[in-house]
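S.K.: Coordinates only, no sequence provided:
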């Protein structure tokens with residue numbers, strides 16, 4: 001066979017091979033997408049007995065701060081048990097929230113503000129939950145560790161996403177740091193300020 005005939009066959013086969021490759025890729029993509037488990041909007045209630053994480057203050061809180069403040073909260077909820085739900089098992093929840101304030105004065109931490117918490121669940125096939133609390137209250141647990149309880153006294157909450165039911169449900173949360181009020185005050189009065197709090201205990205429930 002001459003080189004001209006071989007070249008001609010390559011020219012003809014090239015587009016055919018490309019079409020075959022594209023068809024194979026599309027088939028593989030279709031199989032992959034159909035094999036992915038559908039996301040579940042969880043019903044019923046859920047209760048988690050453990051909360052741990054971090055509250056980061058940017059910039060750090062100081063006794064006489066005047067800069068705009070961003071409080072960034074990240075936590076893990078453990079010991080989670082759903083009830084009356086189509087999600088039979090929830091191994092944990094992973095939540096985030098951001099609170100804005102006009103200044104980074106340390107006294108601002110004691111002033112109640114609205115908090116919007118977004119919680120992703122494990123397994124990830126369960127759709128996230130968003131809880132909007134009207135505010136929070138501060139206080140210490142039996143060990144003297146400083147923390148927060150949500151919602152605030154006489155406050156409210158609203159839930160959307162998984163475990164939301166009709167929308168307005170009974171959501172509560174509490175979390176306590178590894179620091180006492182005196183230790184926090186000392187950090188606020190230091191030259192570096194209070195950059196973060198470590199959350200060690202708490203609970204979280206919806207419904």
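M.R.: All right, it came through fine. Everything numeric in this text was worked out from a predicted model, so none of it was measured.
S.K.: Could you use CA atoms for every contact and neighbour count after this?
M.R.: Noted.
S.K.: Which strand or helix spans the closest residue to residue 99 other than its chain neighbours?
M.R.: Nearest residue to residue 99, sequence neighbours excluded (CA to CA, 6 or more residues apart in numbering): residue 71, at 5.0 Å. Using DSSP states H and E, residue 71 falls within strand 69-83.
S.K.: Could you spell out the sheet neighbours of that strand, each with its direction?
M.R.: The pairing partners recorded for strand 69-83 under DSSP bridges are strand 45-61 (antiparallel), strand 92-101 (antiparallel).
S.K.: hang on, the earlier thing: neighbours of the residue nearest to residue 99, just the number please.
M.R.: Using other CA atoms under 10 Å, residue 71 has 20 neighbouring residues.
S.K.: Quick one: residues contacting it.
M.R.: 55, 56, 57, 58, 98, 99, 100 (CA atoms under 8 Å, 6 or more residues apart in numbering).
S.K.: In PyMOL, how would I select the buried members of these?
M.R.: Those of the contacts of residue 71 that count as buried under 16 or more other CA atoms under 10 Å are selected in PyMOL with:
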select buried, resi 55+56+57+58+98
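S.K.: Please name the residues that touch the spatially closest residue to residue 121 that is not a sequence neighbour.
M.R.: The spatial neighbour of residue 121 that comes closest, neighbours along the chain excluded (CA to CA, 6+ apart), is residue 93 at 4.5 Å. Contacts for residue 93 (CA under 8 Å, 6+ apart) come out as 76, 77, 78, 80, 119, 120, 121, 122.
S.K.: change it to 7 Å
M.R.: By CA atoms under 7 Å, 6 or more residues apart in numbering, residue 93 lies in contact with 76, 77, 78, 119, 120, 121, 122.
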